[in-house]
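Asks: Just need the structure, nothing else, for what follows:
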Amino acid sequence: MPQLQSVVLTDRESTPVDHTFTPSDIVSGVATVTETDGVPIGNSRLTISLRKPGPNGSSRYKSDLKLAIPVVVNETINGVTVPKVARTAYADVTFTFDSTSSEEERDNLVGMLASALEPTKVLVNDTVVKLQAVF
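Replies: Below you'll find the model as predicted:
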């Protein structure tokens, strides 16, 4: 069972920057790690959770991974400067596996998804990053 711990994520800047997300909380089975610059309104958040098959007959595990990256600007009104979230980028990934799936199957699916997100995969990259429609 993984313990809540720091996670370092690397962006795609021309000189890549490592972003360290540190443990924040676990609420109702949802673990949160945050990257902060000292002003909580601008914290980037990564959350992860796992729902196991329940007594209702479901035979599937479901894991949700969510990343929220806000852009903070300073707003000055009447000489008072206050940080404000201008916009937030979100990513939501849901993995669903049957209880009969093997670790190899799950590992391959995760690997293939990670591969699909590489900048060299034009179909995915240009649709998601460049906001170009598929034709």
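
Asks: N125 against P119, yeah?
Replies: Yes - counting by Cβ atoms under 8 Å, N125 touches P119, with 5.2 Å between them. Backbone N, C-alpha and C define where each C-beta goes, glycine included.

Asks: Now the residue nearest to the spatial centre of the chain. Nearest residue, chain neighbours left out?
Replies: With distances taken as Cα atoms, centre = their mean, L67 lies nearest the centre of the chain, 2.5 Å away. Leaving out its chain neighbours, the residue that sits closest to L67 by Cβ to Cβ, 6 or more residues apart in numbering is A91, at 4.5 Å.

Asks: Give me the contact list for the strand or helix carrying that neighbour.
Replies: Secondary structure assignment for A91, by DSSP states H and E: strand 80-98. The contact list for strand 80-98 (Cβ atoms under 8 Å, 6 or more residues apart in numbering) reads 39, 41-42, 59-76, 105-106, 109-110, 113.

Asks: I'd like to know which of these are buried.
Replies: Among the contacts of strand 80-98, those classed as buried by 16 or more other Cβ atoms under 10 Å are 42, 61, 63, 66-67, 69-70, 72.
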